[in-house]
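Engineer: turn this into a model:
(one chain, ligands or ions: 1)
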Amino acid sequence: MDYNVINLKTVMNPDPKLGGLTIAEGERDIPFAIKRIYCIHHTEAEYHRGFHAHKKNWQLLFCPCGEIEISLNDGKNVETVVLDDPSKGIILSPGLWRELVWKVDNAVLCVAASEYYDPNEYIRDYNEFLTYVHN
Ligand code: TYD
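Structural biologist: Prediction:
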């Protein structure tokens, strides 16, 4: 399936009370130039988001705080990746249907995207997605 789990450079402060710092650079650590960033926050455990695919947009997803399960579907297979560590990122190519499950309250999903927001490049209907990937 067309995704990659990557290790994001993470620098922990020598003082554990000061936490860590996680870094991703466009066109270096991730295979595209970043046009947009967003994050999803204040979501409660066991709630699901996503339910869409993109026609053009590449994305880096990572979860700096909490745990989020990412279920990916290319129209043939379904694979699941758990983001449960700030240094774990996933690069998603276009054409993957995704469903995101919040495993704990207030987990934060950070996203870097290759495209500006364009609702027309989303596929939000599952049957339309299957037609899109099988043609
Ligand atoms: P949506 O993609 O529906 O979130 P999810 O699939 O996780 O439930 O986005 C929620 C709302 O935010 C929707 O009204 C579109 C808007 N939005 C933007 O305006 N710009 C953006 O870059 C994104 C990602 C969403």
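Engineer: every contact and neighbour count from this point should use C-alpha atoms.
Structural biologist: OK.
Engineer: in contact with residue 19, which residues?
Structural biologist: 12, 13 (CA atoms under 8 Å, 6 or more residues apart in numbering).
Engineer: pLDDT score for it?
Structural biologist: In this model, residue 19 is scored at 98, pLDDT.
Engineer: tell me how far it lies from residue 125.
Structural biologist: 41 Å (CA to CA, to the nearest Å).
Engineer: near the ligand, which residues of this structure?
Structural biologist: Within the chain, the positions near the ligand by CA under 6 Å from any ligand atom are 49, 50, 117.
Engineer: of all the residues in the protein, which one is nearest the ligand?
Structural biologist: Among the residues of the chain, residue 50 lies closest to the ligand, at 3.7 Å counting by CA to the nearest ligand atom.
Engineer: contacting residues for the residue nearest to that residue when sequence neighbours are not counted?
Structural biologist: Spatial nearest neighbour of residue 50, excluding adjacent residues (CA to CA, 6 or more residues apart in numbering): residue 99 at 4.8 Å. Shown in contact with residue 99 (CA under 8 Å, 6+ apart): 48, 49, 50, 51, 52, 70, 71, 72.
Engineer: kind regards, and thank you for your time.
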